[in-house]
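> sequence and computational prediction follow.
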Amino acid sequence: MSDKNQALKTGFEKIIEFFNNDLEINRPIAIAEVVEKTGFSWSFVKKTLTKLKEEYDGFFFEKSGSTWITWKTRVHIIKKLDETCSRYLDQDD
């Protein structure tokens, strides 16, 4: 049954798994390398990484020169938390 559950992972989940399990900390890679290692299309990977940038901490994705690069700054990227103390620092009194 666990083999069946692994087969049902979404592309989004597979890319998160790639970042958490295969990508080294603070080692930038080009989006082309993510495409090559995951087997997903360039447009799908770019769309997914854009979503990750908005929703996850410890993950970076930006354009450098003429190429897109990505990297992580922690062992596992994590979903951003909505309710944290730091949100009060951004609010006006």
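Okay, I see it.
> show me the residue at the heart of this structure, geometrically.
Nearest to the geometric centre of the chain sits residue 52, at 4.6 Å (CA atoms, centre = their mean).
> quick check: longest helix of the protein.
helix 42-55 (DSSP state H).
> distance from it to the middle of the chain?
Here the centre of helix 42-55 is set off from its chain's centre by 7 Å, with CA atoms, centre = their mean, to the nearest Å.
> swap in stretch 40-52?
9 Å.
> what comes up buried for that stretch?
40, 45-46, 48-49, 52 (16 or more other CB atoms under 10 Å). In short, each C-beta sits where N, CA and C put it, glycine included.
> reformat these as a markdown table; add distance to residue 11 and pLDDT.
Below are those laid out as a markdown table (distance: CB to CB, whole Å; pLDDT from 0 to 100):
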| residue | distance to residue 11 | pLDDT |
| --- | --- | --- |
| 40 | 6 | 97 |
| 45 | 9 | 96 |
| 46 | 12 | 95 |
| 48 | 7 | 95 |
| 49 | 12 | 95 |
| 52 | 12 | 91 |
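> the residue nearest to the centre of the chain is in contact with residue 59, isn't it?
Yes: the pair residue 52 and residue 59 passes the contact test of CB atoms under 8 Å, sitting 5.3 Å apart.
> could you measure from residue 55 over to residue 43?
19 Å (CB to CB, to the nearest Å).
> which residues in the protein form strands?
Ranges of strands within the chain are 29-30, 56-57, 59-64, 67-72, 78-79, based on DSSP state E.
> nearest to residue 8, of these?
Nearest to residue 8, of all the strands of the chain, is strand 78-79, at 20.1 Å by CB to CB.
> need the contact partners of that closest one.
55-58 (CB atoms under 8 Å, 6 or more residues apart in numbering).
> who wins on neighbours among these?
Counting neighbours by other CB atoms under 10 Å, the top entry in these is residue 56, with 19 neighbours.
> check residue 80 and give its pLDDT.
Model confidence at residue 80, given as pLDDT, is 87.
> quick one: residues contacting it.
55-57.
> pick the one among these closest to residue 17.
Among those, and counting by CB to CB, the member closest to residue 17 is residue 56, at 12.9 Å.
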